[in-house]
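Undergrad: this is the structure alone, sequence omitted:
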């Protein structure tokens, strides 16, 4: 089976231009070929990294709004932190995040 493009579509909160496509491959290649596999690996890496960054920004927004204090009262903050660390670990294990990226994101979560 042949593939002509590998794109990552990113949605942002902008009513004039909400969709952005990031191209990783723009030539015809086989699905089992090295070019396609490399493009897919890069697209998956960036998809995972963007997802982590969005989640971290969301968590920071919650903290700024004072949501963290109520979550701690309910015991939710500890499990939320554990969940986030588990997600980061999963992304590292899948090869989406490098060890260095994992360490940086982990440190941000723990600080």
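TA: Everything's here; your move. Predicted, not measured: the structure shown is a model, and the values here were computed from it.

Undergrad: mind giving me the packing neighbours of the longest helix seen in the chain?
TA: Longest helix of the chain, by residue count under DSSP state H: helix 34-64. If you count contacts as 3 or more CB pairs under 8 Å, 6 or more residues apart in numbering; DSSP states H and E, helix 34-64 packs onto strand 6-11, strand 19-25, strand 29-30, helix 76-93, helix 99-110. Backbone N, C-alpha and C define where each C-beta goes, glycine included.

Undergrad: which non-adjacent residue is nearest residue 81?
TA: Spatial nearest neighbour of residue 81, excluding adjacent residues (CB to CB, 6 or more residues apart in numbering): residue 109 at 6.4 Å.

Undergrad: quick one on the thing from earlier: how far is the longest helix of the chain from where the chain is centred?
TA: Helix 34-64 sits 2 Å away from the centroid of its parent chain (CA atoms, centre = their mean, to the nearest Å).

Undergrad: for this structure, give me the ranges with low pLDDT.
TA: In the predicted model of the chain, residues 67-79 satisfy pLDDT under 70.

Undergrad: what does residue 27 show for phi and psi?
TA: In terms of degrees, to the nearest 10, the main-chain angles of residue 27 are phi -140, psi 160.

Undergrad: residues in contact with it?
TA: Neighbouring residues of residue 27 by CB atoms under 8 Å, 6 or more residues apart in numbering: 4, 35.

Undergrad: distance of it relative to residue 34?
TA: Look at residue 27 and residue 34: by CB to CB, to the nearest Å, they are 12 Å apart.

Undergrad: check residue 3 too.
TA: Counting by CB to CB - residue 3 and residue 34 are separated by 13 Å.

Undergrad: looking at the two, which has the bigger crowd around it?
TA: A side-by-side neighbour count of residue 3 and residue 34, using other CB atoms under 10 Å, places residue 3 first with 16 against 9.

Undergrad: and that one, what are its bridge partners?
TA: Listed by DSSP bridges, the beta-bridge partners for residue 3 are residue 29.

Undergrad: surely it is in contact with residue 28?
TA: Yes. Using CB atoms under 8 Å, residue 3 is in contact with residue 28, at 7.2 Å.
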